[in-house]
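Enquirer: the amino acid sequence is not available; the structure is as follows:
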C-alpha cells in the first residue's frame, strides 16, 4: 500500500488486514519505518519489532531497519553474538550508512520473510496474507527498486542472491500486488496517475488497484441543489446556515466525483471508493465499516 502522504494509507491498510482476517485468512500488517500506528488503531500499545496479535487472525508488526539488519546478519553468520558485535561496530555502521538503499533492501527482505509459507524461524507461524503499509509514493518506489539495484551492483554473493529473490517476489503478479491509496483531490489523483507509469518504468510492476479514501456521500441531486440555491438568503439565520452548509457539501461531493472520474479515465485498474467516516478519529468500529466495504468491493 502506497500513495501520497496524508491520504489515510495506514487506516486503509488496517481495514484491508481486518477484511483478510474476517475472511478466514491468517493476516499480518507490516508497518515500515517504526511508525507504530496499527496497534493504536486496534486500541493496543506499541509492540515494537515483534509480531503482535491485534484481532482474531490478525497480527501487526512494526519494521525497524536496524533490527532487520541484525536479524539478517544473525541468519548469515549463524550466531547472534557475532551479529550483535558486527551490528554495533562503528565501522559497520559507517559502511551501511554509506550504502544507499540498504535500509529499503533489508526492510523488503523482512517483508519477504513474513510472506513466506516456510518461515526462517520454524517456531514462527506462516501468514496467508501480508499487508504492507509502505512509505509514501517516492520512498515506496525507492523501496521497490532497491532489490534490482543491489542485484545489479553485487552480481554474486549472499546480497546478490537475496536481492534477486526479493526482486522476483515483487514482480510476480501472482504473489504481490501494489495498491495505491488516494483522496478524491487534484494532487493525490495526479500523484496516483504518475505512480502507475513510474511503477512500470522503474520497477517493472503493474499497479493492481486504487482505493480512494474518505469519499463524501452525494446527498442531493443537481436539481435539489438548484432548489436549495433558490432559497439563498431566505428564512432565519439557522435556515440560511443549513442551506449554505448543504450547498457546500453538495459542491465538495460533486468535485470529488469529478476527480474520481478523472482518475478512472487515466488508470487501467479498478478504482474502489471508501466512505468518509463522520468521526474525529477512526476507531475499531470505523475499521470494521471500511473492512466490510472492502470485502464487498474487492
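Expert: Done, it's in. As the structure is a prediction and not an experimental result, all values here were calculated from the model.
Enquirer: all contacts plus neighbour counts: C-alpha atoms, from now on.
Expert: Fine.
Enquirer: moving C-terminal of the lowest-mean-pLDDT helix or strand in the chain, what's the next helix or strand?
Expert: Ranked by mean pLDDT, DSSP states H and E, the helix or strand of the chain with the weakest confidence is helix 90-98, at a mean of 47. Note on helix 90-98: by DSSP states H and E, the next helix or strand toward the C-terminus is helix 102-114.
Enquirer: okay, buried residues for that following helix please.
Expert: 102-114 (16 or more other C-alpha atoms under 10 Å).
Enquirer: check stretch 31-48 too.
Expert: For stretch 31-48, burial by neighbour count (16+ other C-alpha under 10 Å) applies to 31-33, 35-39, 41-42, 46-48.
Enquirer: max pairwise distance over those residues: which two?
Expert: Of all pairs drawn from those, the greatest distance, 19.2 Å, lies between 33 and 42 (C-alpha to C-alpha).
Enquirer: just to revisit the earlier point, let me know the closest of the buried residues of helix 102-114 to residue 191.
Expert: Minimum separation from residue 191 among the buried residues of helix 102-114 (C-alpha to C-alpha) is found for residue 104, which lies at 21.3 Å.
Enquirer: and the buried residues of stretch 31-48, which is the shakiest by pLDDT?
Expert: By predicted confidence (pLDDT), the lowest-ranked of the buried residues of stretch 31-48 is residue 33, with 70.
Enquirer: where does pLDDT dip in the stretch 1-150 of the chain?
Expert: Low-confidence segments of the stretch 1-150 of the chain, defined by pLDDT under 70, are located at 34, 73, 76-101.
Enquirer: how about the buried residues of helix 102-114 in CSV, adding distance to residue 21?
Expert: Formatted as CSV, the entries for the buried residues of helix 102-114 read as follows, by distance: C-alpha to C-alpha, whole Å:
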residue, distance to residue 21
102, 32
103, 29
104, 27
105, 28
106, 26
107, 23
108, 23
109, 23
110, 21
111, 18
112, 19
113, 19
114, 16
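Enquirer: closest to residue 282 among these?
Expert: Out of those, the one with the shortest distance to residue 282 is residue 111. That distance is 25.9 Å, counting by C-alpha to C-alpha.
Enquirer: nearest spatial neighbour of the closest one, chain-adjacent residues omitted?
Expert: Counting by C-alpha to C-alpha, 6 or more residues apart in numbering, residue 30 is the residue found nearest to residue 111 once chain neighbours are left out, at 7.3 Å.
Enquirer: helix, strand or coil for the one you found?
Expert: strand (DSSP: H, G, I helix; E, B strand; the rest coil).
Enquirer: strands of the chain, start to end?
Expert: 27-31, 52-55, 58-62, 129-133, 178-183, 207-215, 271-275 (DSSP state E).
Enquirer: of those strands, which approaches residue 7 most closely?
Expert: Proximity to residue 7, assessed across the strands of the chain by C-alpha to C-alpha, is greatest for strand 178-183 (5.5 Å).
Enquirer: how about residues contacting the closest one?
Expert: Residues external to strand 178-183 that are found in contact with it (C-alpha atoms under 8 Å, 6 or more residues apart in numbering): 1-4, 7-9, 12, 188-189, 192, 206-215.
Enquirer: can you list phi and psi of residue 270 for me?
Expert: phi -60, psi 140 (degrees, to the nearest 10).
Enquirer: test my guess that it contacts residue 209.
Expert: Yes - taking contact to mean C-alpha atoms under 8 Å, the distance of 5.1 Å between residue 270 and residue 209 places them in contact.
Enquirer: of the two, who's got more company?
Expert: Summary of the neighbour comparison: residue 270 and residue 209, criterion other C-alpha atoms under 10 Å, with residue 209 having more neighbours (20 against 14).
Enquirer: so that one sits against residue 271, correct?
Expert: Yes - contact status for residue 209 versus residue 271: in contact at 6.1 Å, counting by C-alpha under 8 Å.
Enquirer: so what's the residue nearest to residue 111 bridging to?
Expert: Applying DSSP bridges to residue 30 yields these beta-bridge partners: residue 61, residue 132.
Enquirer: ok, now which ones touch it?
Expert: Contacts were defined as C-alpha under 8 Å, 6+ apart; by that measure residue 30 touches 60-63, 111, 130-133.
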